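Undergrad: Next comes the sequence, and after it the predicted model I'd like to discuss.
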Amino acid sequence: MMQKIPARNLNSEDLDSRVFNLYEKREKIFTRSIEGFFQRIRLFTGWPLLLGYFLLPWINLDERQAVLFDLPARKFYVLWLTFWPQDFVLLGWLLAIAAFALFFVTTLWGRVWCGYTCPQTVWTAIFMWAEQIAEGDRNQRIKLDKQPSLLSSKGWNRTGFNKTWRRVFKHSMWFGFAALTGVTFIGYFYPIRDLISDALQWQLPLIAVAWCVFFTLATYINAGWLREQVCIYMCPYARFQSAMFDRNTLVISYDTARGEQRGARRRNTDYKAEGLGDCIDCTMCVQVCPTGIDIRDGLQFQCIGCAACIDACDGIMDKMGYQRGLISYTTENKLAGGSWTWKRPKLIGYGVAMLVMCVLFVVVLWNRVPLTLEVMRDRASLYQQLSDGRIENVYRLRIINMDAQDREFGISLEGLSDFSMIPDQTVVVGTGEVRDLLLRVQADPASLQSFNQDIVFVIQESNGALRAESESRFIAPSSSVNSNQGRAQ
Ligand code: SF4
Ligand code: SF4
């Protein structure tokens, strides 16, 4: 008969012998909470992330929200900078830098992103903390889970009251935190003060309500119900991270040579004489694991690198009077008796690519001109011949001031020698304003070299600080230009 092994406990031998069940029911994981060095580090990474996420939308700069992605206005405010759709190339660049930074960090330190700063890890930790407040520690939760509910299949059950109120309390806390997360997320797209006041006055647009509900439910389901399933089955990063690992990547490993033969023993006994290693087989490392795996089975893709098993095992080693580090951050090379080195083509390649992209990004950002000029020819007519013989072309100019202050621009034209512009004056464009102008250009046909002449519109501040230009064409009847050329010959 085929042996069934839970998917999370599979090792390479099982895969080889094909003895696993692909359609197994999800096993409940009752994670034991643990304290220790690495859990304290997680506090220093998780709390700033949480505080930053919840407080950032409430910070104002220059009388506007410091970080706001204003989709209807197509403007993205990030601190003192305003980005427009034209700047999307910068966003793409930023994403590429973030990807290379992730590759670099993963090659160097393994899955530190997953273990310490991934929102799924941080939010799940908050939900687990709420679960512990409502239902108690691991043993109490296991016991509670076995109790009947208030309304069981056998009908009304008075003993289930304890379980029911605790569950209601837990889900209320989960839902409250999920709602806070969802509303805050929408506050990055809809000014958060308006969002709250509109909601209190029942004037929130339906689309904003729908997105708040969507993100609330997404948080509640991901961090409350799915938890490790997101890391194991949904996150693509877990699947391709092994491509970035090498023998010098920092991973969390169990020292098999030191730990085996595992087995229970009394304190202060000569366990080595009994053929035992340092692992007392207490399973604490499994009980604290948020993904429910046993690190003693070797490196597994389900391991999110949270280091809870290191803290748990170090605590056991202290109690037993053994040296810490049976489970530790180490590398494959070190485990095999070698030493760590940074001279690795993959690591250097990712590092150089990231640095070059960062420098180029800063240069582009530094030289970015927060001004755009678009010129469109009037579609109603190609040209118009005026009573005094001059030719008139009409253009629509669109000036976008992406700067943080109002600007005054002069408009000039290059490519024509004898012409006039109506209106011929400076134009003031407010910060973040899109100004449309109708401009008439009248030229003497005697001054034209071609009936379809290249011209360039230029807008420039009087002090020359901001300048933008846009090409167009001046069109005249070919007969007027031909006769002009004939006279010239
Ligand atoms: S916590 Fe340490 S001692 Fe206990 S089972 Fe895990 S590896 Fe062995
Ligand atoms: S094996 Fe250890 S580091 Fe990996 S997820 Fe489990 S507890 Fe965290």
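TA: Good, I have the coordinates. None of the values given here were measured: they were computed from a predicted structure. Numbering: from 1, shown residues only. Ligands and ions are numbered 1, 2, ... in the order given.

Undergrad: burial measure for S197, as a count.
TA: 12 (other C-beta atoms under 10 Å). All C-beta atoms are positioned from the backbone trio N, CA, C, and that covers glycine.

Undergrad: Kindly report the same for the one 5 residues further on.
TA: When counting by other C-beta under 10 Å, one arrives at 6 neighbours for W202.

Undergrad: and it, helix, strand or coil?
TA: coil (DSSP: H, G, I helix; E, B strand; the rest coil).

Undergrad: residues from this structure in reach of ligand 1?
TA: For the chain, the contact set with ligand 1 under C-beta under 6 Å from any ligand atom comprises 254, 259, 262, 279-285, 296, 312-313, 316, 326-327.

Undergrad: ok, T291 - contacts?
TA: By C-beta atoms under 8 Å, 6 or more residues apart in numbering, T291 lies in contact with 8, 29, 228, 231-232, 302-304.

Undergrad: if we can go back for a sec, PyMOL command to pick out the buried ones of the residues of the chain next to ligand 1?
TA: If you want just the buried ones from those in PyMOL, going by 16 or more other C-beta atoms under 10 Å, the selection is:
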select buried, resi 254+259+262+279+280+282+284+285+296+312+313+316+326+327
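
Undergrad: so of the residues of the chain next to ligand 1, which ones are in strands?
TA: Of the positions in those, 254, 327 sit in strands, assigned by DSSP state E.

Undergrad: which one of the contacts of T291 sits closest to G187?
TA: Using C-beta to C-beta, C231 comes nearest to G187 of these, at 27.1 Å.

Undergrad: Between all of the residues of the chain next to ligand 1, which two are separated the most?
TA: Taking C-beta to C-beta as the measure, the residues of the chain next to ligand 1 span a maximum distance of 14.8 Å, between R262 and A312.

Undergrad: Pass me the low-pLDDT residue ranges in the chain, would you?
TA: Regions of the chain meeting the criterion pLDDT under 70 cover residues 1-24, 151-159, 481-489.

Undergrad: quick one, longest helix in it?
TA: If you go by DSSP state H, the chain has its longest helix at helix 161-186.

Undergrad: what packs against that helix?
TA: Under the contact criterion of 3 or more C-beta pairs under 8 Å, 6 or more residues apart in numbering; DSSP states H and E, helix 161-186 touches helix 37-55, helix 119-135, helix 138-146, helix 192-200, helix 206-219.

Undergrad: Can I get these in JSON lines including distance to V359?
TA: Formatted as JSON lines, these follow (distance: least, C-beta to C-beta, whole Å):
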{"stretch": "helix 37-55", "distance to V359": "26"}
{"stretch": "helix 119-135", "distance to V359": "29"}
{"stretch": "helix 138-146", "distance to V359": "50"}
{"stretch": "helix 192-200", "distance to V359": "35"}
{"stretch": "helix 206-219", "distance to V359": "36"}
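
Undergrad: so where do the helices sit in the stretch 301-450 of the chain?
TA: 308-320, 332-335, 345-366 (DSSP state H, counting those that start in this stretch).

Undergrad: Which residues are in contact with the residue in the stretch 51-200 of the chain that ligand 1 sits nearest to?
TA: Residue nearest to ligand 1 within the stretch 51-200 of the chain: R138 (14.4 Å; C-beta to the nearest ligand atom). R138 sits next to 30-33, 287 when contact means C-beta under 8 Å, 6+ apart.

Undergrad: can you pick the most crowded of these?
TA: Greatest neighbour count in the contacts of R138, by other C-beta under 10 Å, goes to T31: 21 neighbours.

Undergrad: Under a three-state scheme, what state does it occupy?
TA: Secondary structure, three-state DSSP: T31 is coil.

Undergrad: I figured it was touching V288, is that so?
TA: Yes - T31 lies in contact with V288 (C-beta atoms under 8 Å); the separation is 6.4 Å.

Undergrad: which of the helices of the stretch 301-450 of the chain sits most buried?
TA: Most buried of the helices of the stretch 301-450 of the chain, by mean neighbour count (mean count of other C-beta atoms under 10 Å): helix 308-320, with a mean of 21.

Undergrad: Which elements pack onto it?
TA: helix 37-55, helix 284-287, strand 327-330.

Undergrad: Now do that helix against helix 37-55: the angle between them, please.
TA: On the basis of axes from the mean of the first three to the mean of the last three C-alpha atoms, to 10 degrees, helix 308-320 is oriented at 140 degrees to helix 37-55.

Undergrad: Restrict helix 308-320 to CA atoms and write it as CSV.
TA: Extracted in CSV, the C-alpha atoms of helix 308-320 (Å, rounded to 0.1, in the frame of the first residue of the first chain):
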residue,chain,number,x,y,z
ALA,A,308,12.6,30.8,14.7
CYS,A,309,14.1,27.3,14.8
ILE,A,310,17.6,28.7,15.6
ASP,A,311,16.2,30.6,18.6
ALA,A,312,14.2,27.5,19.7
CYS,A,313,17.2,25.2,19.4
ASP,A,314,19.6,27.7,21.0
GLY,A,315,17.3,27.8,24.0
ILE,A,316,17.3,24.0,24.3
MET,A,317,21.1,23.9,23.9
ASP,A,318,21.4,26.4,26.8
LYS,A,319,19.1,24.3,29.0
MET,A,320,21.1,21.2,28.2
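
Undergrad: what about that helix, near ligand 2?
TA: Yes - residues of helix 308-320 contacting ligand 2 under C-beta under 6 Å from any ligand atom: 308-309.

Undergrad: Pick out the residue in the stretch 51-200 of the chain sitting closest to ligand 2.
TA: G115 (6.6 Å).

Undergrad: my guess is that residue contacts I310, does it?
TA: No - with contacts counted by C-beta under 8 Å, G115 stays clear of I310, the gap being 10.5 Å.

Undergrad: one step back: among the contacts of T291, which one lies nearest to A208?
TA: Among those, and counting by C-beta to C-beta, the member closest to A208 is C231, at 30.6 Å.

Undergrad: what helix or strand is the closest residue to ligand 2 within the stretch 151-300 of the chain on?
TA: Per C-beta to the nearest ligand atom, the residue of the stretch 151-300 of the chain with the smallest distance to ligand 2 is C289, at 3.2 Å. Using DSSP states H and E, C289 falls within no helix or strand.

Undergrad: quick one, what contacts it?
TA: By C-beta under 8 Å, 6+ apart, the contact set of C289 is 29, 31, 295, 306, 308-309.

Undergrad: Looks to me like K272 is in a helix.
TA: No - residue state for K272 (three-state DSSP) corresponds to coil; a helix is not indicated.

Undergrad: Tally up the residues packed near it, please.
TA: By other C-beta under 10 Å, the residues close to K272 number 9.

Undergrad: Check the gap between it and ligand 1 for me.
TA: 15 Å (C-beta to the nearest ligand atom, to the nearest Å).

Undergrad: which residue packs closest to R398, ignoring adjacent ones?
TA: E374 (4.2 Å; C-beta to C-beta, 6 or more residues apart in numbering).

Undergrad: in terms of contact, does that neighbour touch R435 like I think?
TA: No - the pair E374 / R435 is not scored as a contact, 11.0 Å apart, by C-beta under 8 Å.

Undergrad: Now the common contact residues for the two.
TA: Shared contacts of E374 and R435 (C-beta under 8 Å, 6+ apart): 398, 400.

Undergrad: Distance from the chain centre to stretch 340-354, please.
TA: 24 Å (C-alpha atoms, centre = their mean, to the nearest Å).

Undergrad: Which positions in stretch 128-145 come out as buried?
TA: 128, 130-132, 134-135, 138, 141, 144.
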